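[1] A predicted structure for the sequence below; I have some questions about it.
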Amino acid sequence: MDEMVERLTSVLRKIAAAEEAREAGGDPVTLVAVSKTFPGDAIRPVIEAGARVFGENKVQEAQQKWPELKEAYPDIELRLLGPLQSNKARDAVALFDVIETVDREKIAAEIARESHRQGRRPRVYVQVNIGREPQKAGIDPDEAVAFARRCREVHALEVEGLMCIPPSGEPPAPFFERLAELTDQAGLSRRSMGMSGDYETAILHGATSVRVGSAIFGARTYA
């Protein structure tokens, strides 16, 4: 557990250094600690060390550990980072403060319906398939700005920004720059981009939040 805290401290230092190195005037960067596959007991030391924004990929997994943690630490913000199926929209709206993976009309409509029913409005990000990869979720970059506008105007969602995952094996900087351009065109200010292997580059190119998991929690074991 001490190793996790040390790694968290190292990540925060690197984020601060990248903020210093980028162009002046950038927004503060939010660290999203990606806790997927790790149990509550492994997450608590990271919370105790000061992390307050966490990300999970699966609604069902998050339901098993986060209600208790959020009760113990009421100031925690929880973000959904994985694909959302329409039949999980009710649970996602109830649990998550931010949903970063809105990428199609049906999901936007379901979130809007559940938000109205529950009286709870999570902030959302439009996920952009920035590399146009067929195996990845996300809306096409050419459609992202119009879709973000529909999410706001048609579905009355609280759209906070855009999110992307650049193609692996390619330099990420051009993809981060493209997402920053799309975010500006959409009239938004928040850019969720950058993970354990490239978050410093993402900050240099305008990220306002970075999603860091293994660099904090260590290697994951998948069932």
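    Good, I have the coordinates. Residues are numbered from 1 along each chain as shown.

[2] got the contact list for the top helix by length along the chain?
    Across the chain, the longest stretch assigned as helix under DSSP state H is helix 2-21. Contacts with helix 2-21, where a contact means CB atoms under 8 Å, 6 or more residues apart in numbering, come from 26, 28-29, 31, 33, 42, 45-46, 49-51, 199-200, 203-204, 210, 212, 215-218. C-beta here means a position set from N, CA and C on the backbone, and glycine is covered the same way.

[3] Among the residues you listed, which lie within strands?
    Counting by DSSP state E, the contacts of helix 2-21 place Leu31, Ala33, Val210, Val212 in strands.

[4] Let's have those residues in TSV, adding neighbour count and distance to Glu61.
    Below are the ones in strands among the contacts of helix 2-21 laid out as TSV (neighbours: other CB atoms under 10 Å; distance: CB to CB, whole Å):
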residue	neighbour count	distance to Glu61
Leu31	21	21
Ala33	25	15
Val210	28	21
Val212	25	18
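
[5] Can you get me a residue count around Pro134?
    Using other CB atoms under 10 Å, Pro134 has 5 neighbouring residues.

[6] Equivalent analysis for the one 3 residues further on, please.
    Other residues within reach of Ala137, judged by other CB under 10 Å, total 15.

[7] Look at it and tell me its secondary structure.
    With DSSP: H, G, I helix; E, B strand; the rest coil as the basis, Ala137 sits in coil.

[8] and the gap between it and Ile15?
    26 Å (CB to CB, to the nearest Å).

[9] Sketch out the helices for this structure, chain order is fine.
    Using DSSP H, the helices of the chain run over residues 2-21, 40-48, 59-72, 89-95, 105-118, 141-153, 173-185, 199-204, 214-217.

[10] helices or strands next to the fourth one in the packing?
    So that's helix 89-95. helix 59-72, helix 105-118 (3 or more CB pairs under 8 Å, 6 or more residues apart in numbering; DSSP states H and E).

[11] mind running it again at 10 Å?
    helix 59-72, strand 77-80, strand 98-102, helix 105-118 (3 or more CB pairs under 10 Å, 6 or more residues apart in numbering; DSSP states H and E).

[12] And the second one, how far out from the chain middle?
    When you say that, I think you mean strand 77-80. Relative to its chain's centre, strand 77-80 lies at 8 Å (CA atoms, centre = their mean, to the nearest Å).

[13] and what of the first one?
    Between the mean C-alpha location of helix 59-72 and the chain-wide mean there is a distance of 17 Å, by CA atoms, centre = their mean.

[14] And that helix, what's buried?
    Buried residues in helix 59-72, counted by 16 or more other CB atoms under 10 Å: Val59, Glu61, Ala62, Lys65, Trp66, Leu69, Lys70.

[15] just curious, which of those is nearest to Ala146?
    Closest approach between the buried residues of helix 59-72 and Ala146, by CB to CB: Val59, at 27.5 Å.

[16] Contacts only, for the closest one.
    When contacts are counted by CB atoms under 10 Å, 6 or more residues apart in numbering, Val59 is found next to 80, 82-85, 87-92, 94-96, 99.

[17] Mind doing that once more with 8 Å?
    When contacts are taken as CB under 8 Å, 6+ apart, Val59 is in contact with Leu80, Leu84, Lys88, Asp91, Ala92, Leu95, Phe96.
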